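*Asks:* Would you be able to build a 3D model of this:
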Amino acid sequence: NDFPSHQPASSTHATTLNGVKEEVLKLDTGVNVVLQFSKKNTESENQSLGPHSCELSILKPNCSHPKFQVRLKGDALVSIPLLPTTNPMIFKGTFYMPIEGTYELDMTWYGCSSSASDQSHSYSSVSKSVVATSSDGDMVPTMIKSKIPIPIFGTGFWLSKSHFMDEKTLKSDYLWISDKSSNSSRAIENILGAKTDQGIESAVLRNEGTPISSAFGELSNYEVVCWVGDDSSELSRKLFLSLRSQIANSQRPFKFHYYRVTDLDDADKDMTGHQMSRKCKQTFVSLEVLEDMSQAEYKKKIQQFLGKIAKCMHDETWSIWMMTVNTNNNSSKMCHSPTIKPFTQDHPCNDAIFELFEENSLPSNVRLFDNTDVSTPQFGENIIDVASTIAMRIFAIIGNQVETWRAMKQVGRKDGLHRGTKIENDPADECIFKEL
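*Replies:* Numbers count the residues shown, from 1 in each chain. Predicted structure coming up:
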């Protein structure tokens, strides 16, 4: 279990000076965390929504790869992004609370090793003493965005189920919601249920700020959507299908395929073997559970793998989406021996993915599907909730792509690919996957 029961910090104290409340936590692992909460009204005991600051200092000698996660937990989950300073043992960052409410510090320390941590230590502040309120003149907080955000998603945050009607019926403790959603969108009739084969349930909002185009209903039988990858890819598709009947019942499941790839060294056989072909027009790639692969190896093999898919899906209008890793940043054995600088608190495989896309070395129809804004605040927990939220985003991506195709008079049909008045042989017939 990477997340043992939380324990109070070794010592904690709070002071207030000139309207700034400072909370200091000293951990028995040799780590100090200082939170500074700013106030807009010095006469109030409550804090403003932000911006606030956090500093984490490491007193342990020879800590070459410090690994930790810091967030506030309460009425919402608030990830606190910390970046290294000129002193590699000091990390700083700023953050906002997205809504009024009560919060406590929630931190996990994984140690200093560059490999997967065998043990983790979780800490929380002694009391829920941080109460944030908005006041006249407060700016609307800018929520943490993905590194390369997709505009149609906007920004959002994880909101406690206590803010929803009939909260006792909800299986999820937090639901992802757009920071532009109104209170009416929290009504129970706007909550959808996703379910795995094992019966694990999750709740997502129908109206959470990610609009699903009506064009989703126009997806043809010859515009197949594909998921490629390991268990994480399979889970993504299953949750997507469990939501399908609640969103677009007219779209039949046979249009949504899963192709299993669990070993990138053997992916060539899967891609070139004598297997049945599929007309994939949109593909979502997820590879999260590979083991014993260095960060450099992962980056190189992902680049090669995406390139091979692009040779099959070589039309500019057919999108290949590389999904970020949603598992815990620091307990995974994937992408060990990090070489990418500066060192960050993102999952080391995500650092590799980000660097790959920053190099612009991939074909133009290969795109980054960055969901770290959704996954990071969860600390690798509640994977079903995270994956269900991402499934809602996939509905939006598919609908948006179909809308784009139709605007350019493009549609896949049995006799080929129709572009305006022309009919082309569908080059997807040349693309061969191994379907399991």
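*Asks:* so where's the stretch 251-400 of the chain shaky on pLDDT?
*Replies:* Low-confidence segments of the stretch 251-400 of the chain (pLDDT under 70): 266-278, 329-332.
*Asks:* any chance you could map the helices in it?
*Replies:* 267-272, 295-312, 348-358, 372-375, 383-407 (DSSP state H, counting those that start in this stretch).
*Asks:* in the third one, what counts as buried?
*Replies:* Of the residues in helix 348-358, those buried under the neighbour-count criterion (16 or more other C-beta atoms under 10 Å) are 348-354, 356-357. Yep, even glycine has a C-beta here, placed from its N, CA and C like the rest.
*Asks:* Render the CA-only coordinates of it in CSV, please.
*Replies:* What follows is helix 348-358, C-alpha atoms only, in CSV (Å, rounded to 0.1, in the frame of the first residue of the first chain):
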residue,chain,number,x,y,z
PRO,A,348,9.1,10.6,-14.6
CYS,A,349,7.3,9.0,-17.6
ASN,A,350,5.3,12.2,-18.1
ASP,A,351,8.5,14.2,-18.0
ALA,A,352,9.7,12.0,-20.9
ILE,A,353,6.5,12.5,-22.8
PHE,A,354,6.6,16.3,-22.3
GLU,A,355,10.2,16.5,-23.5
LEU,A,356,9.3,14.3,-26.6
PHE,A,357,6.5,16.6,-27.6
GLU,A,358,8.5,19.8,-26.9
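*Asks:* Could you name the helices and strands sitting against that helix?
*Replies:* Under the contact definition 3 or more C-beta pairs under 8 Å, 6 or more residues apart in numbering; DSSP states H and E, helix 348-358 sits against helix 295-312, strand 334-336, strand 366-369.
*Asks:* So which of those is nearest Glu201?
*Replies:* In terms of C-beta to C-beta, the element of the helices and strands packed on helix 348-358 nearest to Glu201 is strand 366-369, at 24.4 Å.
*Asks:* Tell me which residues of the closest one come out buried.
*Replies:* Buried residues in strand 366-369, counted by 16+ other C-beta under 10 Å: 366-369.
*Asks:* ok, those vs Ile191, which is closest?
*Replies:* Among those, and counting by C-beta to C-beta, the member closest to Ile191 is Phe369, at 24.3 Å.
*Asks:* Pairing partners for the closest one in the sheet, please.
*Replies:* Met323 (DSSP bridges).
*Asks:* thinking again about what came up before, winner for burial among the helices and strands packed on helix 348-358?
*Replies:* The highest average neighbour count among the helices and strands packed on helix 348-358, using mean count of other C-beta atoms under 10 Å, belongs to strand 334-336 at a mean of 22.
*Asks:* Parallel or antiparallel, which strands does it pair with?
*Replies:* Here strand 334-336 is paired, per DSSP bridges, with strand 293-294 (parallel).
*Asks:* center of this structure - which residue?
*Replies:* Residue closest to the mean C-alpha point of the chain, counted by C-alpha atoms, centre = their mean, is Asn371 at 2.9 Å.
*Asks:* check contacts around it.
*Replies:* By C-beta atoms under 8 Å, 6 or more residues apart in numbering, Asn371 lies in contact with 146, 323-324, 326, 386, 390, 393.
*Asks:* Show me the two of the residues you listed that sit farthest apart.
*Replies:* Every pair of the contacts of Asn371 checked by C-beta to C-beta; the farthest is Ser146 and Val386, at 13.3 Å.
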